[in-house]
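S.K.: need a 3D model of the sequence below.
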Amino acid sequence: MNSAGNTITTTRDVDAILIPLGTPVTIPAGAMVLITQELGGTYTVSVSGNLARIEGKDADALGLSGSSDEAAASDPAKTEAPAATGPVDEQAIWDVLKTCYDPEIPVNIVDLGLVYDVHIVETDAGTNHVDIVMTLTAPGCGMGPFIVDDVRAKTLAVEHVCDVEVDLVFEPVWDRSMMSDEARLQLGMF
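M.R.: Residues are numbered from 1 along each chain as shown. Predicted coordinates:
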């Protein structure tokens, strides 16, 4: 069940990241928060006039029971490492990238046009390395490191992937024309 639009009182202190600065904060128990977005295993909340991102593993602090998929997606240490040898399904990588979101925008990073390239390389040892070239909607985005970490963790969970390198580039500069038609429609940009 999507909780976006609900105002909730936090049940305990919870670690969060201020958006767009990327600064870690603690939201205290008893704080009133408005859930503005629940996507990709994380929650974006409005608290005291600021936006903050809360990981799915901390859904209980919002009085919610995050799914195991959400918890695993936001806590890569809790996911089992898949077998590293064997063929990698490139579509599976693109599918998992569609579960990564900028916490300010309710559209996945693929449909936003932020992912420029996915390249799978079989190493001499028979394992698979994935190179991802992507950008951000703005070069100074404080959430960039968190989005990159999310991309890396979720791609590592794809079967037969042993290593992921995310190259964050700013050439070409991202603009709205890179968004899919679905993304423009969802954001009311037609």
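
S.K.: who's the closest residue to residue 3 other than its chain neighbours bridged to?
M.R.: Here the nearest residue to residue 3 in space, its sequence neighbours aside, is residue 35; by CB to CB, 6 or more residues apart in numbering that works out to 4.8 Å. Every residue, glycine included, has its C-beta placed from N, CA and C. On the basis of DSSP bridges, residue 35 is bridged to residue 45.

S.K.: backbone dihedrals for the closest residue to residue 115 other than its chain neighbours, please?
M.R.: The shortest distance from residue 115 to any non-neighbouring residue, by CB to CB, 6+ apart, is to residue 134 (4.8 Å). Recorded main-chain torsions at residue 134 are phi -150, psi 170, according to degrees, to the nearest 10.

S.K.: I'd say residue 134 and residue 151 touch.
M.R.: Yes: the criterion here is CB atoms under 8 Å, and residue 134 meets it with residue 151 at 6.8 Å.

S.K.: pull up the overlap in contacts between the two.
M.R.: Shared contacts of residue 134 and residue 151, defined by CB atoms under 8 Å, 6 or more residues apart in numbering, are found at 109, 166.

S.K.: for the residue nearest the centre of the chain, grab phi and psi.
M.R.: Among the residues of the chain, residue 100 comes closest to the average C-alpha position under CA atoms, centre = their mean, at 3.4 Å. Dihedral angles of residue 100 (phi, psi; degrees, to the nearest 10) stand at phi -100, psi 130.

S.K.: residues contacting it?
M.R.: Contact criterion CB under 8 Å, 6+ apart gives 40, 108, 109, 110, 147, 150, 151, 154 as the residues in contact with residue 100.

S.K.: narrow the residues you listed to those in helices?
M.R.: Under the assignment DSSP state H, the contacts of residue 100 contribute 147, 150, 151, 154 to helices.

S.K.: from residue 90, how far out is residue 184?
M.R.: With distances taken as CB to CB, to the nearest Å, residue 184 is found 25 Å from residue 90.

S.K.: typed the wrong thing, it's residue 108
M.R.: Counting by CB to CB, the separation of residue 108 from residue 90 is 17 Å.

S.K.: quick one: contacts for the nearest residue to residue 10 once chain neighbours are set aside?
M.R.: The shortest distance from residue 10 to any residue other than its chain neighbours is 4.8 Å, reached at residue 31 (CB to CB, 6+ apart). Each residue near residue 31 by CB under 8 Å, 6+ apart is listed here: 9, 10, 47, 48.

S.K.: ok, residue 119 next?
M.R.: For residue 119, the contacting residues are 130, 131, 132, 133, by CB under 8 Å, 6+ apart.

S.K.: give me the buried entries from those.
M.R.: Neighbour counting over the contacts of residue 119 (16 or more other CB atoms under 10 Å) leaves 130, 132 as the buried ones.

S.K.: from the contacts of residue 119, which is closest to residue 61?
M.R.: residue 132 (30.9 Å; CB to CB).
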